[in-house]
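Colleague: Predicted model follows, preceded by the sequence.
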Amino acid sequence: MNLIDVKSMYLDELAEDFNYIGYPKYRAKQVYRWIYKGTKDFNGMLDLPISTRKELANRYYISWVDIEKKLVSKIDGTKKYLFKLRDGEYIESVLMKYKHGYSICISTQVGCKMKCSFCATGKSGFSRNLLPSEMVSQIQAVQEDNDIRISNIVLMGMGEPLDNYDNVIKFLKLVSCNEGLNIGMRHISLSTCGVVDKIYKLAEEKLQLTLSVSLHSSINETRSKLMPINKKWDLDCLLEACRFYIYKTNRRISFEYSMINGINDSEEFANKLAYKLKGMLCHVNLIPINNVSGVKYKKSNFRNLNKFVKILEENKINATIRRTLGSDINASCGQLKRNV
Ligand code: SAH
């Protein structure tokens, strides 16, 4: 018989299923507490009768991700984890330490379908979506390995979160609720390459998370070369969705812009970007492009980066240059892949 993925259930769902198999509601609460404490098997649930633990193990499984490999940056202490999943697939997550606490970058899919030309993840193709429980488990495994509590989550690892919409929304609700990991939505960022129909859908959920949108160009022709999704939804269509998102949620959008030497970093691109974002409640994050094997793009130089920021600021658009973490262990944006 196929076991049920108990970590992907809301407490209500578990309670309902417990009711169906004849257990009282308080048992569901007990089990849920153990699961979100990071317990890996029913045998460890010490306040349950042994017979109950056995019965539960015959009906449910507790998802977990096993550490296959761990790399620690000598520069900034960033840690990159390669995890093995129950079915033998691999994913990566990255732990970063900031002044205000620990932040984790998690994967939402095994591989990615989006095929952005500068990103390592898409090069290995797409295998499958991650389950809510597999996203939760990345956080739990990293917390356990370091004996820490993580305070911020970014959905910027492998995969396109909005291409795994239902599982990602369930994950967001599971991690942010009291009975779950209790990490507030305001401490969560979700990054998308611009899946426009799902941005409209997400806007209606009115979550307090930060939406990041990967822009990388203010000119359609260039953006289509960098990001195939631009052929389906172009810049104007994407920015219209972003405006709708801001209108619905009242939340500032963070635009990511990878600076590639000679491709998207000239004054013309900066001026066009300023024009397109004028008056919008937003922030622009400039990321000097990270090296990916097999990709020939080079980082923008210091002069172009500063000029770009200056043009945006002159137009009253908030912009910062993102600090790169974990560069010596290929743990930076766009460098995650199924590396065994
Ligand atoms: N699919 C989502 C989230 C994963 S990528 C998205 O596209 O937003 C997280 C961020 O890293 C995105 O902004 C992505 O465009 C960026 N990125 C990918 N490859 C990169 C590289 N080589 N250098 C810098 N940023 C990169």
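Modeller: That came in fine, so what should we check first?

Colleague: Help me confirm that Ile199 comes into contact with Cys242.
Modeller: Yes: the pair Ile199 and Cys242 passes the contact test of Cβ atoms under 8 Å, sitting 6.9 Å apart. All C-beta atoms are positioned from the backbone trio N, CA, C, and that covers glycine.

Colleague: Next, show the common contact partners of these two.
Modeller: Overlap between the neighbourhoods of Ile199 and Cys242 consists of Leu211, Val213, taking contacts as Cβ atoms under 8 Å, 6 or more residues apart in numbering.

Colleague: Contacts for stretch 173-191 next, please.
Modeller: Here stretch 173-191 has contacts from 8, 10-11, 29, 32-33, 36, 132, 135-136, 139-140, 150-156, 161-162, 168, 172, 202, 207-214, 254, 256, using Cβ under 8 Å, 6+ apart.

Colleague: Can you select the buried ones from those residues in ChimeraX?
Modeller: One line in ChimeraX is enough to select the buried ones among the contacts of stretch 173-191; burial here means 16 or more other Cβ atoms under 10 Å:
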select :8,10,11,32,36,132,135,136,139,140,150,152,153,154,155,156,161,162,168,172,202,207,209,210,211,212,213,214,254,256
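
Colleague: Filtering the contacts of stretch 173-191 by proximity to the ligand, which remain?
Modeller: Among the contacts of stretch 173-191, the residues lying close to the ligand (Cβ under 6 Å from any ligand atom) are Met156, Ser214, Glu256.

Colleague: what sits against the second one?
Modeller: Residues touching Ser214, when contacts are defined by Cβ under 8 Å, 6+ apart, comprise Cys116, Ser191, Thr192, Cys193, Gly194, Met227, Phe255, Glu256, Ser258.

Colleague: Which segments of the chain make up each domain?
Modeller: 4-61, 66-329 (automatic domain parsing).

Colleague: Now do the end-to-end distance for stretch 265-285.
Modeller: Start-to-end span of stretch 265-285 (Cα to Cα, to the nearest Å) is 13 Å.

Colleague: quick one: secondary structure of the residue in the chain that the ligand sits nearest to?
Modeller: Checking the chain residue by residue against the ligand with Cβ to the nearest ligand atom singles out Gly334 as nearest, at 1.7 Å. Taking DSSP: H, G, I helix; E, B strand; the rest coil as the rule, one finds Gly334 in the coil state.

Colleague: can you check Leu211 too?
Modeller: Classification of Leu211 by three-state DSSP places it in strand.

Colleague: Beta-bridge partners for the nearest residue to it once chain neighbours are set aside, please?
Modeller: Closest residue to Leu211 apart from its sequence neighbours, by Cβ to Cβ, 6 or more residues apart in numbering: Ile253 at 5.3 Å. On the basis of DSSP bridges, Ile253 takes part in beta bridges with Cys282.

Colleague: what's Ile253 in contact with, if anything?
Modeller: Residues near Ile253 by Cβ under 8 Å, 6+ apart: Thr210, Leu211, Ser212, Val213, Cys242, Tyr245, Ile246, Met280, Leu281, Cys282, His283.

Colleague: mind listing the helices in the stretch 51-200 of the chain by residue range?
Modeller: Using DSSP state H, counting those that start in this stretch, the helices of the stretch 51-200 of the chain run over residues 120-123, 132-146, 165-176, 196-205.

Colleague: Tell me if the lowest-mean-pLDDT helix or strand in the chain is near the ligand.
Modeller: Among the helical and strand segments of the chain, the one scoring lowest on mean pLDDT, DSSP states H and E is helix 120-123, with a mean of 89. No: using Cβ under 6 Å from any ligand atom as the criterion, no contacts between helix 120-123 and the ligand are found, and the smallest distance is 6.9 Å.

Colleague: by contact count, what packs against that helix?
Modeller: The contact analysis (3 or more Cβ pairs under 8 Å, 6 or more residues apart in numbering; DSSP states H and E) places helix 120-123 against no helix or strand.

Colleague: mind listing what's buried in it?
Modeller: Within helix 120-123, the residues scored as buried using 16+ other Cβ under 10 Å are Ala120, Thr121, Gly122, Lys123.

Colleague: List just the nearest of the residues you listed to Tyr20.
Modeller: The shortest gap between Tyr20 and any of these belongs to Thr121, at 39.7 Å (Cβ to Cβ).

Colleague: How about the contacts made by that closest one?
Modeller: When contacts are counted by Cβ under 8 Å, 6+ apart, Thr121 touches Gly111, Cys112, Met158, Gly159, Gly334, Leu336, Lys337.

Colleague: burial measure for Lys40, as a count.
Modeller: Residues within reach of Lys40, counting by other Cβ atoms under 10 Å, total 15.

Colleague: I'd assumed Asp66 was in contact with it.
Modeller: No: under the criterion of Cβ under 8 Å, Lys40 is not in contact with Asp66, lying 10.1 Å apart.

Colleague: Among the ones next to the ligand among the contacts of stretch 173-191, which ones are in strands?
Modeller: Using DSSP state E, the subset of those located in strands is Ser214, Glu256.

Colleague: From the ones next to the ligand among the contacts of stretch 173-191, pick the one nearest Lys316.
Modeller: Using Cβ to Cβ, Glu256 comes nearest to Lys316 of those, at 19.6 Å.
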